[in-house]
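[1] Predicted model, plus sequence, below.
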Amino acid sequence: MFNFLSCSVAAQVFSLWPEGQIPNRIETNEEEVHKQEGILRISTVQKPTIEVYLPAQNNATGEAMLIFPGGGYGILAYDWEGTDIAKFLNGKGIAGIVVKYRLPSSKSQTQKHNVPLIDAQRAMRMVRSKASDFHIDPNKIGIIGFSAGGHLASTLGTHFNEKVYAPVDAIDSISARPDFMALGYPVISFGAMTHNGTKTNLIGESGPQDMIEHFSNEKQVTDQTPPTILFHATDDTVVPVENSLLFYKALKDNGVSATMHIYPKGGHGFSLARKDEHLRGWTERLLEWLESLD
């Protein structure tokens, strides 16, 4: 049985894993930390969850998006790139599901480099298993990720069939492949154009070459990678725009439907960009793209 954590008018929160069956977990004295400093920053996640925001049934399109907040695999910018995104999607009839995934920790995890993907695969499988409960179409469940959350999303989109944990129940027999993928200023490559903090937190400062290749997701695209839309700013000095360009080219080379919007200005971490008259248009481009998939 799942531990149903809370329920409110706004959202329902579910544990990803049955009690005592979280893969790769080591029992330690680490505790989850929440800091509200303009943005809610969550660190040392111990029990991953999904927080489910559903639109009114009469407004619902049947689509859902799992949301992966960024934070360099060190924290989760949980409202900025998580719950605020879910509420925006709700206003457009789309179920928004924020994934509070575990961040790599040598103290509380084994094989920490696999842990975010483990939680991402499980989240997709769980949401698909609950499609009727959430009034969504199990074939219209996509993902959106920002910055390092974009790395995790693109990892799920390219490694959805990878066996990274032993099944714990029937849910783990369900496909983890997203039906579509949106990536906002994502970390894609662990090569020369990477974001060093994201790379170091996941695989270490001097990760082995095979692991660098494995998590350079532009090298993992196949014709089974989901249709993808990318958003990035040219002047991003944190995660170079080349990350999106590399992924776009890989999608194109593999015959995957790819759309990309590159803005001249915007920097890094712009979320909904509501204060930027030009940049905030990315949300409308996302909705237009979703309609084109039908």
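    Thanks, I have it. Source: prediction; values computed, not measured. Residues are numbered from 1 along each chain as shown.
[2] counting contacts, what elements does the biggest helix by length in the chain pack onto?
    Looking across the chain with DSSP state H, the single longest helix is helix 115-129. With contacts taken as 3 or more CB pairs under 8 Å, 6 or more residues apart in numbering; DSSP states H and E, helix 115-129 sits against strand 49-53, strand 64-68, strand 95-100, strand 141-146, helix 148-159. Where you see a C-beta, it was placed from the backbone N, CA and C, and this is true even at glycine.
[3] pLDDT value on D294, please?
    You'll see D294 listed with a pLDDT of 74.
[4] so how far is I97 from it?
    When distance is defined by CB to CB, to the nearest Å, D294 is 20 Å away from I97.
[5] do the same with N114
    Distance from N114 to I97, by CB to CB: 22 Å.
[6] TSV for the helices and strands packed on helix 115-129, including mean neighbour count, distance to F270 and mean pLDDT?
    Output for the helices and strands packed on helix 115-129, formatted as TSV (neighbours: other CB atoms under 10 Å; distance: least, CB to CB, whole Å; pLDDT from 0 to 100):
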stretch	mean neighbour count	distance to F270	mean pLDDT
strand 49-53	22	21	98
strand 64-68	29	15	98
strand 95-100	26	18	98
strand 141-146	28	9	98
helix 148-159	28	13	98
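[7] Quick one: closest of those to R177.
    helix 148-159 (8.1 Å; CB to CB).
[8] The closest one versus strand 141-146: what angle between them?
    For helix 148-159 against strand 141-146, the angle by axes from the mean of the first three to the mean of the last three CA atoms, to 10 degrees is 140 degrees.
[9] Put the alpha carbons of helix 148-159 into CSV.
    The C-alpha coordinates for helix 148-159 follow below in CSV (Å, rounded to 0.1, in the frame of the first residue of the first chain):
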residue,chain,number,x,y,z
ALA,A,148,19.2,20.2,-13.9
GLY,A,149,15.6,19.1,-13.9
GLY,A,150,15.9,19.3,-17.7
HIS,A,151,18.9,17.0,-17.4
LEU,A,152,16.7,14.5,-15.4
ALA,A,153,13.8,14.9,-17.9
SER,A,154,16.1,14.3,-20.9
THR,A,155,17.6,11.3,-19.0
LEU,A,156,14.2,9.8,-18.6
GLY,A,157,13.4,10.6,-22.2
THR,A,158,16.5,8.7,-23.4
HIS,A,159,16.9,6.1,-20.7
